[in-house]
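Engineer: show me how the following folds:
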Amino acid sequence: MRKYSFLVLAVFLLSAPFLFAAEDDICRVHLCKMEVKQVRISYGLPSRAFFDYAEVRSESFPNCDDSVLGGCIVREITHAEKNVCEQCNTARDEWRKAENDNDKD
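Structural biologist: Here you go, the predicted model:
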């Protein structure tokens, strides 16, 4: 019985971050509370570079305050509300700086 209790506790502790990150206002990467902010809406067809960047963003800083895609048809709406994680913003800024430093070499 004691062995099973330990196993249940271990499974809970390992999965706890994922359980709490399921909330809409908790960053799944940094596990911190996010704030709702206004971000720009980008219209039009994204470039290939955008898709490369979006792949990195989705894994490392998914809740940064980058603009959101609005589709191909430009509308009057220019901003949207989005949950933003300040730690994601910091991670994005550090990634961009590292990428710029690599480009200079």
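Engineer: tell me who's in contact with Phe61.
Structural biologist: For Phe61, the contacting residues are Val29, Cys85, Cys88, Asn89, Ala91, Arg92, Trp95, by C-beta atoms under 8 Å, 6 or more residues apart in numbering. Just so you know, the C-beta spots here come from the backbone N, C-alpha and C atoms, and that holds for glycine as well.
Engineer: do Val74 as well
Structural biologist: So Val74 contacts Tyr43, Gly44 (C-beta under 8 Å, 6+ apart).
Engineer: which helix or strand contains it?
Structural biologist: Val74 belongs to no helix or strand when assigned by DSSP states H and E.
Engineer: relative to Ala54, how far out is it?
Structural biologist: 20 Å (C-beta to C-beta, to the nearest Å).
Engineer: how about Asp66?
Structural biologist: Where Ala54 is concerned, Asp66 sits at a distance of 9 Å (C-beta to C-beta).
Engineer: those two - which one has more neighbours?
Structural biologist: The residue with more neighbours, out of Asp66 and Ala54, is Asp66; 20 against 14, by other C-beta atoms under 10 Å.
Engineer: so that one sits against Ala91, correct?
Structural biologist: No - using C-beta atoms under 8 Å, Asp66 is not in contact with Ala91; the gap is 11.9 Å.
Engineer: got a list of what Glu81 touches?
Structural biologist: Val36, Lys37, Gln38, Val39.
Engineer: burial of the nearest residue to the second one once chain neighbours are set aside, as a residue count?
Structural biologist: Among residues not flanking Lys37 along the chain, Val84 sits closest, at 4.5 Å (C-beta to C-beta, 6 or more residues apart in numbering). Burial measure for Val84: 18 neighbouring residues, criterion other C-beta under 10 Å.
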